[in-house]
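Asks: Got a predicted structure plus its sequence, pasted below:
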Amino acid sequence: MTDYLYLRDSYLQTFSAAVAEHDARQNGVLLDRTAFFPGGGGQQPDRGWLRTDSAEFIVKTARRGGLHIIDGELPPIGATVQAELDWQRRYQIMRTHSAMHILCGVIWRDYQASVTGGNMAVLSARMDFEFERLSPDTVSEIEDKINEEVAKSLPIKIDILPREEAFQIPDLIRTKINLLPPGIKEVRTVEIVGLDLQADGGTHVANTSEVGSIKISKYKSKGGINKRLYVEIGD
């Protein structure tokens with residue numbers, strides 16, 4: 001079993017780990033512990049490096065189950081590696097993910113619109129909501145409101161709760177469909193204090209002030225009551 005360090009500390013940039021197994025088909029290694037996020041919930045997987053005393057290995061991407069896909073030769077099973085994330089990229093993704101929670105929190109608070117889908121890149125994202133109508137004035141209003149939440153410097157807190165306790169929280173699941181399998185016994189929550197509280201497994205900044213400016217670059221209808229907002233993150 002891999003220990004997923006990123007679940008507890010989104011700011012961990014380097015760590016040591018042991019190579020537990022090889023996956024020859026995917027040219028990857030399984031580590032006994034990792035801070036590499038494997039992708040999921042619309043967030044992209046991490047990249048970075050593994051190093052031994054004599055070699056450096058490029059991690060092209062991380063995948064679920066503690067698997068790290070390597071470019072080229074694999075470090076040997078049993079080796080201790082020093083791992084390093086591509087931190088500039090990871091931090092930009094963290095800012096983007098937190099921006100999406102600010103957007104979701106504002107739209108739920110002020111418009112009671114559920115999320116129907118979304119995806120994130122590096123400093124850009126899209127998110128779909130159930131809006132019957134969406135006008136340029138409403139979009140401008142939403143953009144002003146989300147940047148107000150950035151300026152408030154709200155703390156962002158991570159917690160891990162027993163499933164039964166977590167599901168006592170109203171509106172914990174913001175997506176239209178509950179994506180948490182019944183077998184999950186603990187639920188990780190991300191709280192933007194005073195604005196938003198959701199179940200979430202991704203990485204986030206510690207304060208909304210770290211996000212930077214949020215621009216809604218365009219919007220469009222996806223049919224019916226589905227409306228898509230495109231977002232870009234600035235300094």
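Replies: Received the coordinates, thanks.
Asks: where does this structure dip in pLDDT?
Replies: By pLDDT under 70, the low-scoring segments of the chain are 170-171, 173-183.
Asks: Would you tell me which strand is longest in it?
Replies: Determined from DSSP state E, the single longest strand within the chain is strand 14-23.
Asks: gap between it and the chain center?
Replies: Here strand 14-23 is found 23 Å from its chain centre; the criterion is Cα atoms, centre = their mean, to the nearest Å.
Asks: what does stretch 104-121 give?
Replies: Centroid separation for stretch 104-121 versus its chain: 15 Å, with Cα atoms, centre = their mean.
Asks: if I've got this straight, Gln92 is in a strand?
Replies: No: Gln92 is assigned helix when assessed by DSSP: H, G, I helix; E, B strand; the rest coil, not a strand.
Asks: Touching, it and Ala125? I think so.
Replies: No: in this structure, Gln92 is not within contact of Ala125 by Cβ atoms under 8 Å, at 11.3 Å. From N, CA and C alone the C-beta is placed, and that goes for glycine too.
Asks: Common neighbours of those two, please.
Replies: Ile233 (Cβ atoms under 8 Å, 6 or more residues apart in numbering).
Asks: neighbour-wise, which of the two wins?
Replies: Set Gln92 next to Ala125 and count neighbours by other Cβ atoms under 10 Å: Ala125 wins out with 23 against 17.
Asks: Name the strands paired with the helix or strand where that one lies and say parallel or antiparallel.
Replies: In this assignment (DSSP states H and E), Ala125 forms part of strand 124-130. According to DSSP bridges, strand 124-130 has the following sheet partners: strand 115-120 (antiparallel), strand 226-233 (antiparallel).
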